[in-house]
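1. Show me the folded form of this:
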Amino acid sequence: MLSERYNKLSDLPKTLPLFPLRGVILLPRTTLPFNIFEPRYLEMIDHVLAGNRLIGLIQPYTHHPTTSDIDGPKELQVERYQSPQDRTWPLRGAGCIGRLTSFEEQEDGHLSINLTGICRFKRGEETDVSQPWRICNIDPTPYISDLQADQGEQDVDRDKLLKLLRLYLDAHDMNADWRSIHRSSTAHLVNTLSIHSPYGSEEKQALQEAPDLKSRAEMLMALAEMELASKNEGGGTLQ
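-> Numbers count the residues shown, from 1 in each chain. A predicted model of the protein is given here:
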């Protein structure tokens, strides 16, 4: 189990290959599927498979300043879910270590992988610029409590979260597997809802950098309540 493999700071790397992807976050003990097709990232996957299987998922900033001789400074925008080609494109200050827990090669040469979150990290300086992908020093110390599976669960208002989730799903004509939801731990529920939430990159980054599970749950509920209120659905907020 990953919780047995990674349970203290010394179990985590000091440098990490990075997979920048806008609008996508990873959190501890959640799993995300990816389809890898860019040659540089196919090569990166081969590299990590031969090593510790760890990758840092991190968001790039939405905009990147550039200079034009004619127009002066401008802003370039990276499209939603796009990984920027420019190695100088600024990256967010925090991401999450993910372990490559499964992979499957497709007939077209693409790879389908699953990445499971281990611990968040603060991004440091970039190293080893000889590789086609980006590698950075990382510091997981500020988020070391991520390694404790049930950290902060008792502080989350689970009943309110579930009531609000039902309101949100009803307002959007969506269904859910409530049996699985009720079986899920509070931490897994909050983190899974956070990574699959439909919000933008700024909101996703705020959810990722929340100092604790309670803060993340409250932020998630506040975002949902604001969206419900904007749809003017009767009873869309909880008192």
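
2. From the contact counts, what lies against the helix ranked longest in the chain?
-> With secondary structure taken from DSSP state H, the chain has its longest helix at helix 213-230. Packing contacts for helix 213-230, counted by 3 or more CB pairs under 8 Å, 6 or more residues apart in numbering; DSSP states H and E, involve helix 158-171, helix 186-196, helix 201-209. All C-beta atoms are positioned from the backbone trio N, CA, C, and that covers glycine.

3. can you tell me how far residue 223 sits from residue 115?
-> Residue 223 is 24 Å from residue 115, where distance means CB to CB, to the nearest Å.

4. More neighbours: which of the two?
-> A count of neighbours by other CB atoms under 10 Å puts residue 115 above the other of residue 223 and residue 115, at 24 against 18.

5. List the buried residues in stretch 88-106.
-> By 16 or more other CB atoms under 10 Å, the buried positions in stretch 88-106 come out as 89, 91, 92, 94, 95, 96, 97, 98, 99, 100.

6. Taking the residues you listed, tell me the two that lie furthest apart.
-> 89 and 99 (25.2 Å; CB to CB).

7. Can you tell me what sits against stretch 23-32?
-> 2-3, 57, 59, 80-81, 95-96, 98, 101, 114-120, 146-147, 149, 187-188, 191-192, 194-195, 200-201, 204-205, 207-208 (CB atoms under 8 Å, 6 or more residues apart in numbering).

8. How about the residue positioned nearest the centre of the chain: what's its closest non-neighbour residue?
-> The residue lying closest to the centre of the chain (CA atoms, centre = their mean) is residue 25, at 1.4 Å. Residue nearest to residue 25 in three dimensions, not counting chain neighbours: residue 208, with 4.4 Å by CB to CB, 6 or more residues apart in numbering.

9. which secondary element of the protein has the worst mean pLDDT?
-> Every helix and strand of the chain was ranked by mean pLDDT, DSSP states H and E. The lowest is strand 72-77, at a mean of 51.

10. Next secondary structure after it?
-> On the C-terminal side of strand 72-77, the nearest following helix or strand under DSSP states H and E is strand 94-105.

11. any idea how far residue 41 is from residue 203?
-> Distance from residue 41 to residue 203, by CB to CB: 25 Å.

12. Which one's more surrounded, these two?
-> Set residue 41 next to residue 203 and count neighbours by other CB under 10 Å: residue 41 wins out with 20 against 17.

13. name the element the more buried one belongs to?
-> With DSSP H and E as criterion, residue 41 is part of helix 39-49.

14. So residue 33 lies in a helix, does it not?
-> No: counting by DSSP: H, G, I helix; E, B strand; the rest coil, residue 33 falls outside a helix, being strand.

15. Can you tell me which helices and strands the strand with the most length in the chain packs against?
-> The strand that spans the most residues within the chain, counting by DSSP state E, is strand 111-127. Applying 3+ CB pairs under 8 Å, 6+ apart, one finds that strand 111-127 contacts strand 15-20, strand 31-36, helix 39-49, strand 54-58, strand 94-105, strand 134-139.
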